[in-house]
Structures are given as structure tokens and as C-alpha cells.
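Participant: here is my input, please return the structure:
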Amino acid sequence: MSNTLPLVRGLVLLFLIIVAGLSFRSHGDVGTATQYDPPYLPTECYGNDGSQFPPNNFFAAAGDGIWDNGAACGRQYLVRCISAATRDACVQDTTIQVKIVDYDSTAIGSTMILSGSAFSAITTSSADPSVNIEFQQ
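Facilitator: Presented below is the predicted three-dimensional model:
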């Protein structure tokens, strides 16, 4: 019995580590996202420089919650839609990377205001104007 006690303790510890890892699915922050449409220039971060936009047009304007007095400019975030008022509005298992290029103080309550391309990549055509997102820098 005394020889098996360390093995049992090790297996119990391994089991607890696995269960703990599975119970923490979210590793980012939660917020809301809306969509904005062109014209996208000028931006608060880079003015009229068209080269600021990523080739896939996955970019966003920061809301007050992440703007950080302009320090958000250029930050990259992984973003995924997690829920919306409309059922099945989120594209499941889709995470995109967006670059912060602008600031929008008028989007009260929104964490990010996504470009049309970015918003369409994580939502379906039936999506509401605002969705809940998980994001991580």
C-alpha cells in the first residue's frame, strides 16, 4: 500500500490539473463590438496614410475602454464573437486579428468598432448591429 500512495497522489494531481485547464475556456476580456463603414480616412492614429490598413482590412477603432489615451494605436487584438441578441449571429470557432487604427468616442458602450470586413468575418448576415466579443491583445 505504501508503494502505491505516491502514484495515486500523482494521478489525482494530474486529474485536477486537467479539470482545471478545461474549466477555464476564456482567456481574454469580454466586451462589445459594432461595425463602421467607409470612409475610414483620416484616422486618429495615422491620419490620411492609407498604408495603415492591413491587407485583409481587419482593423478597428478603439472605444473608450481600450483607447488608453492613444496608446492603443497599432495594437493587435484577437477577436471572436461569443453572443448576440439574434440567435446564430456569431460565426462559430472563428477568431480574427484586428489592428487598432482609430478612436471612436461616439460609440458609447462599445469596446471596438470593427471595419465592415472584420465584423462580417465573425458574424452572419443576420447579426445585430452590436455583438458580444472576447478579445485578447
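
Participant: now the residue lying closest to residue 104 once chain neighbours are set aside: which helix or strand?
Facilitator: Nearest residue to residue 104 in three dimensions, chain neighbours excluded: residue 61, at 4.1 Å (Cβ to Cβ, 6 or more residues apart in numbering). The C-beta positions use only the backbone N, C-alpha and C, and glycine is treated the same way. Residue 61 is part of strand 59-62 when elements are defined by DSSP states H and E.

Participant: what count of nearby residues applies to residue 64?
Facilitator: 14 (other Cβ atoms under 10 Å).

Participant: I figured it hits residue 105, correct?
Facilitator: Yes. At 6.6 Å, residue 64 counts as touching residue 105 under the criterion of Cβ atoms under 8 Å.

Participant: ends of stretch 105-118, what's the gap?
Facilitator: 20 Å (Cα to Cα, to the nearest Å).

Participant: what comes up buried for it?
Facilitator: For stretch 105-118, the neighbour count (16 or more other Cβ atoms under 10 Å) marks 107, 110-115, 117-118 as buried.

Participant: ditto for stretch 66-74
Facilitator: 66-67, 72-73.

Participant: got those as a markdown table, with distance to residue 50 and pLDDT columns?
Facilitator: Shown next, in a markdown table, are the buried residues of stretch 66-74 (distance: Cβ to Cβ, whole Å; pLDDT from 0 to 100):
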| residue | distance to residue 50 | pLDDT |
| --- | --- | --- |
| 66 | 24 | 96 |
| 67 | 22 | 96 |
| 72 | 20 | 98 |
| 73 | 16 | 98 |
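
Participant: so how far is residue 126 from the residue nearest to residue 67 when sequence neighbours are not counted?
Facilitator: Closest residue to residue 67 apart from its sequence neighbours, by Cβ to Cβ, 6+ apart: residue 103 at 5.3 Å. In this view, residue 103 and residue 126 are 29 Å apart by Cβ to Cβ, to the nearest Å.

Participant: more neighbours, those two?
Facilitator: residue 103 (21 against 10).
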